[in-house]
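Participant: heads up, no residue letters with this:
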């Protein structure tokens with residue numbers, strides 16, 4: 001079993017179905033594809049964690065479907081892979097591969113994961129903000145938004161990225177009001193994690 005402390009940090013969509021079995025997940029809607037300001041955050045993440053980020057695409061991505069104005073999931077899945085690989089090249093980060101609905105899949109850069117929610121259905125009722133160093137405990141009931149970096153950027157940028165993602169996940173949830181939870185464990189330590197939490201709370 002891989003030691004948690006040695007696991008790579010990997011950017012994925014915050015979709016509740018994304019499960020990273022090996023790796024520490026940093027959630028951004030659509031894995032950052034056409035998410036305004038994401039390109040400014042990646043260098044901050046690289047510096048914060050002292051390594052080049054890995055990034056994964058994933059199956060049935062609603063954000064990509066909307067941004068690309070596509071109808072068929074087959075088109076979305078193929079396009080998501082192409083666009084995230086191109087985004088990785090643009091941002092000079094590592095494209096680890098594609099997360100399918102299957103058994104856990106071994107990807108590049110020591111990342112392993114898959115999709116686990118029901119096909120074409122979202123069942124999350126919360127948004128989990130990771131504040132201390134990525135996702136610590138997987139919860140199928142949570143969308144995931146990385147807020148580990150917000151203390152290192154201008155508040156205007158943090159607010160834009162956080163609120164855009166929250167608004168999208170709330171649109172998927174419809175009339176179900178999503179609750180907010182915070183994960184403050186992780187390599188960044190409690191002091192930085194609580195600072196990140198306070199910033200997120202101030203912009204919501």
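Facilitator: Perfect, thanks for sending it. Everything numeric in this text was worked out from a predicted model, so none of it was measured.

Participant: from now on I want contacts and neighbour counts done on CA atoms only, so please keep to that.
Facilitator: Noted.

Participant: and residue 153, how many neighbours?
Facilitator: 12 (other Cα atoms under 10 Å).

Participant: no no, residue 158
Facilitator: Neighbour tally, residue 158, other Cα under 10 Å: 20.

Participant: the most centrally placed residue in the chain and residue 171, how far apart?
Facilitator: For the chain, the residue nearest the mean C-alpha position is residue 27 (1.4 Å; Cα atoms, centre = their mean). Here residue 27 is placed at a distance of 17 Å from residue 171 (Cα to Cα, to the nearest Å).

Participant: what do you get for residue 192?
Facilitator: Taking Cα to Cα, one finds residue 192 at 30 Å from residue 171.

Participant: and these two? Which one has more around it.
Facilitator: Just comparing residue 192 and residue 171: by other Cα under 10 Å the higher neighbour count belongs to residue 192, 19 against 13.

Participant: which strand residues bridge residue 145?
Facilitator: Residue 145 has these beta-bridge partners by DSSP bridges: residue 129.

Participant: can you pull the contacts of it?
Facilitator: 14, 26, 27, 28, 29, 127, 128, 129, 130, 162, 165 (Cα atoms under 8 Å, 6 or more residues apart in numbering).

Participant: and the first one, that's in a helix?
Facilitator: No. Looking at residue 14 with DSSP: H, G, I helix; E, B strand; the rest coil, it is coil, so not inside a helix.

Participant: neighbours around it, how many?
Facilitator: 27.

Participant: how far away is it from residue 71?
Facilitator: Taking Cα to Cα, one finds residue 14 at 21 Å from residue 71.
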